[in-house]
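Trainee: give me a 3D structure for the following:
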Amino acid sequence: MRISKLLVSGCAGAASLIGWIGLAGCSGGSTALVVPAPTAASGLPAPPTASTVNTYSGAQSPGAWSLTLDNSKNTYSYQAITFPSEPGAASSGAIAATHGFKQLGSAGYALEVMGRVAVLRPGGNTTPIVFAAPQTQCYAIGGRLRFQFIGMATAPNGAVGSAGPTNGYGSVVASTDTTGASWQFQNLQGNMVNGPAYDPGTCATSGSQAVIQTAGNTVLNDLWPPNQEIQTGLPSGTKSNLWIGPSGFFVADQSLLGSTPPSGASVAGFAEPTGPLDTFGLSSQLYLGFLYEPATTPYAGSSPSPALTVPVSFGQAGVTGSGLIGGVFPNDDVTQKATTDYAITLGTQDATINGLYTKVSITVPDPAQNCANYLGAGETATYGFNPDGTFSCTFPGVAIAGDPEGKYAVFVTTYNWAAQLGGAPMQIYLFER
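Mentor: Numbers count the residues shown, from 1 in each chain. Here you go, the predicted model:
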């Protein structure tokens, strides 16, 4: 069995959701924690058969949400929990199944892996994304299980760990007692914010839903300009909420209750695969998903640019088996054929953590020539040309990939230098069809 020796800090004191995103930065002794690679005998219990009616709990970064999709009656309802007074924070109505997506009313979209995970756009294409998983009960996991995640972009000021050329990603190892009521989070890895390396949590159920909570006391967001960080204390008693679905998809949120404008941060991801992924097999599939860029202020004194949330489609890039090509649906209409002017080259999988790709290369269209004309010193992007002669922009990223129940999922985090003057953080969430 492959053994990874990871360093865990012996920090004391309260921990937070954003605290377990990254390596501990406090002083004191350290110990080596030996974490076996996940196996079929460890980790989450066998998932139940998916129901046609599911309630999902998740986050918009910031803020918790609830989403119910009834595929037997073709109806939906959603509600913002932490910030219920925000525009468009509640809706219900009929579902129109459309080419793999669910159209919710006149503008909203959802993508559902039934009973496992759902991604919601609660409004038009400037509405931030909601990532949600169904956790209906508390359960124990076998041994220790690693969860990988990316930082969800945070409106209106960028993304956790993703300002500038830095790509916000990480992983944490979870374990429970035999009842599933007590949780522990250890072994922080990745490049997001520093924080405690040991975070105890408790799981509780209310009605038909469960939530894992940790006693958060800080939140740390990366804001524009790059690497400018602020730290804000949370009100006494504020908790970090985590939801882990039956196949390992998870989302976690820590938000400042009652803050105006809404403030906080979230992460989204899934359990580490039990072994190294077949990159050729992963790249040979067809995917549907969403591309999301948060609202940003490109530079001091400029007007904010709205968020962008659009459905996307990707498939194999040529015959190399190491990348995907695809793009957005014209006019936000998933009945049309998606473009093929985006390319994701995964590169080499990490030798230690299954499904982690830290050398990703992403190429996107650059009609405004932002990449060609406005990059400064040290910014990692290059311009080029598409086959039709139009400008393109290529920049680095990080991807996490998994195969819950034999179906691939790929999440990419990057910084899109072509998005606008000054660029914008970008995440892509892809699910095998």
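Trainee: in its sheet, which strands sit next to the helix or strand hosting Phe270, and in what direction?
Mentor: Per DSSP states H and E, Phe270 falls inside strand 263-271. Based on DSSP bridges, the pairing partners of strand 263-271 within the sheet are strand 145-151 (antiparallel), strand 250-256 (antiparallel).
Trainee: Three-state assignment for Phe185, please.
Mentor: Under DSSP: H, G, I helix; E, B strand; the rest coil, the three-state class of Phe185 is strand.
Trainee: on that earlier part again, pull out the buried residues from the next helix or strand after the strand holding Phe270.
Mentor: Proceeding C-terminally, strand 263-271 gives way to helix 279-283 as the next helix or strand, assigned by DSSP H and E. In terms of neighbour count (16 or more other C-beta atoms under 10 Å), helix 279-283 has its buried residues at 279, 282-283. All C-beta spots, glycine's among them, are computed from the backbone N, C-alpha and C.
Trainee: just the CA coordinates of helix 279-283, formatted as CSV?
Mentor: Included here for helix 279-283 are C-alpha records, laid out as CSV according to Å, rounded to 0.1, in the frame of the first residue of the first chain:
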residue,chain,number,x,y,z
THR,A,279,-5.8,10.4,-17.5
PHE,A,280,-6.5,9.1,-21.0
GLY,A,281,-9.8,7.6,-19.9
LEU,A,282,-10.7,10.8,-18.1
SER,A,283,-9.9,12.9,-21.2
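Trainee: which SSE is immediately downstream of that helix?
Mentor: If you walk from helix 279-283 toward the C-terminus, the next helix or strand you reach (DSSP H and E) is strand 287-293.
Trainee: by contact count, what packs against that following strand?
Mentor: Here strand 287-293 touches strand 108-113, strand 117-121, strand 308-316, strand 323-328, strand 424-432, going by 3 or more C-beta pairs under 8 Å, 6 or more residues apart in numbering; DSSP states H and E.
Trainee: can you check the pLDDT for Ser106?
Mentor: Here the pLDDT value assigned to Ser106 is 78.
Trainee: so how far is Ala96 from it?
Mentor: Taking C-beta to C-beta, to the nearest Å as the measure, Ser106 falls 10 Å from Ala96.
Trainee: so between these two, which is more surrounded?
Mentor: For Ser106 versus Ala96, neighbours defined as other C-beta atoms under 10 Å are more numerous around Ala96 (11 against 8).
Trainee: looks to me like the more buried one is in a strand.
Mentor: Yes - following the definition three-state DSSP, Ala96 is counted among the residues of a strand.
Trainee: rewinding a little: tell me the mean pLDDT over the strand holding Phe270?
Mentor: Mean predicted lDDT for strand 263-271 stands at 87.
Trainee: dihedrals phi and psi, Pro396?
Mentor: Note on Pro396: its backbone torsions stand at phi -80, psi 160 [degrees, to the nearest 10].
Trainee: got the contact list for the spatially most central residue of the chain?
Mentor: The residue lying closest to the centre of the chain (C-alpha atoms, centre = their mean) is Ala268, at 3.3 Å. Contact partners of Ala268, counting by C-beta atoms under 8 Å, 6 or more residues apart in numbering, are 59, 131, 149-150, 152, 250-252, 411, 429.
Trainee: columns neighbour count, pLDDT and distance to Cys371 on top of the residues you listed, output as a markdown table?
Mentor: What follows is the contacts of Ala268, written out as a markdown table (neighbours: other C-beta atoms under 10 Å; pLDDT from 0 to 100; distance: C-beta to C-beta, whole Å):
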| residue | neighbour count | pLDDT | distance to Cys371 |
| --- | --- | --- | --- |
| Ala59 | 29 | 93 | 31 |
| Phe131 | 31 | 97 | 28 |
| Phe149 | 26 | 91 | 28 |
| Ile150 | 30 | 90 | 22 |
| Met152 | 34 | 86 | 24 |
| Phe250 | 23 | 94 | 34 |
| Val251 | 29 | 94 | 32 |
| Ala252 | 30 | 89 | 33 |
| Phe411 | 25 | 97 | 23 |
| Tyr429 | 23 | 98 | 23 |
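Trainee: can I get these in a markdown table with distance to Thr260?
Mentor: Formatted as a markdown table, the contacts of Ala268 follow (distance: C-beta to C-beta, whole Å):
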| residue | distance to Thr260 |
| --- | --- |
| Ala59 | 18 |
| Phe131 | 23 |
| Phe149 | 27 |
| Ile150 | 27 |
| Met152 | 20 |
| Phe250 | 28 |
| Val251 | 24 |
| Ala252 | 23 |
| Phe411 | 30 |
| Tyr429 | 28 |
